[in-house]
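> The following block contains a protein sequence and its predicted model.
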Amino acid sequence: MSGTLYFVPTPIGNLEDMTFRAVSVLKSVDYVLCEDTRTSGILLKHFEISRPLKAYHMHNEHQATEKVIQDLKLGQNIAIITDAGTPGISDPGYLLAKAVADEGLEMICLPGATAFVPALVVSGLPNNEFLFAGFLPQKKGRQTKLKQLAEEKKTVVLYESPHKINSTLQQIKVFFGEETKVSLSREISKKFEETKRGTINELIEFAESKNLKGEIVLVINNSI
């Protein structure tokens, strides 16, 4: 009988966001896949979880996926976590989910922490229909992607890093228009959590006046 793969969300900030079920599952599996064994080792130690850790990241996921599929077929139960948030959401996990689905094996994703949902809710912008685009392309195709997103008449949600936020806001102004309303959330679930709402020009002024740190979620009002 084959085993089960569990996608287990981990806290994006406050450790109290870890669910009882997530701890229970991590304690029960044969081993845990993670992006960084050092980072995840600290988390597991905090919750008194003693399970073997195996690296699973963007540099080895093709090779590692084959081994995971073999182990699942042998009946092992396996969990995958990332440094923070839900695996597969702008983090490693998609290739593994696809492989498990293609093989007809069982997988379960636990509900839990992910950054874009709280950012969308507190933005105050329309959230009945939205497009989550994750991170924009680093270089090639970046402006093309923004142009495509601007044509979508619904709220758009993006992830961005602090060192790119100023240029990204300027690009949003170009492609979405200077009357566009935007919400910027950062350090979600952490001590210095902050959300700034306003027009794109107000957000540009805000970002340029501060040395923003932490992962950033942008919510852009592009609905009709």
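Sure, I can see it.

> Pull the contacting residues for D71.
Residues in contact with D71, defined by Cβ atoms under 8 Å, 6 or more residues apart in numbering, are G3, D30, I78. Bear in mind the C-beta positions are built from the backbone N, C-alpha and C, glycine included.

> Return the member of those nearest to K140.
Nearest to K140 out of the contacts of D71 is I78 (Cβ to Cβ; 35.0 Å).

> okay but that closest one is in contact with L33, surely?
Yes. Assessed by Cβ atoms under 8 Å, I78 is found in contact with L33 at 6.5 Å.

> between those two, who's got more neighbours?
L33 (30 against 23; other Cβ atoms under 10 Å).

> about what we covered before: which of the contacts of D71 fall in strands?
I78 (DSSP state E).

> L44 and S189, how far apart?
Counting by Cβ to Cβ, to the nearest Å, the gap from L44 to S189 is 19 Å.

> Next: L43.
Taking Cβ to Cβ, one finds L43 at 14 Å from S189.

> Compare neighbour counts for the two and give me the winner.
The residue with more neighbours, out of L43 and S189, is L43; 19 against 16, by other Cβ under 10 Å.

> Just the buried residues of the helix or strand hosting that one, please?
Using DSSP states H and E, L43 sits in helix 37-46. By 16 or more other Cβ atoms under 10 Å, the buried positions in helix 37-46 come out as T37, T39, S40, L43, L44.

> next one: stretch 94-107
Neighbour-count burial for stretch 94-107 [16+ other Cβ under 10 Å]: L96, A97, A99, V100, L105, M107.

> residue ranges of the helices in this protein, please?
Applying DSSP state H to the chain gives helices spanning 20-28, 37-46, 61-73, 94-103, 116-122, 142-150, 165-176, 200-209.
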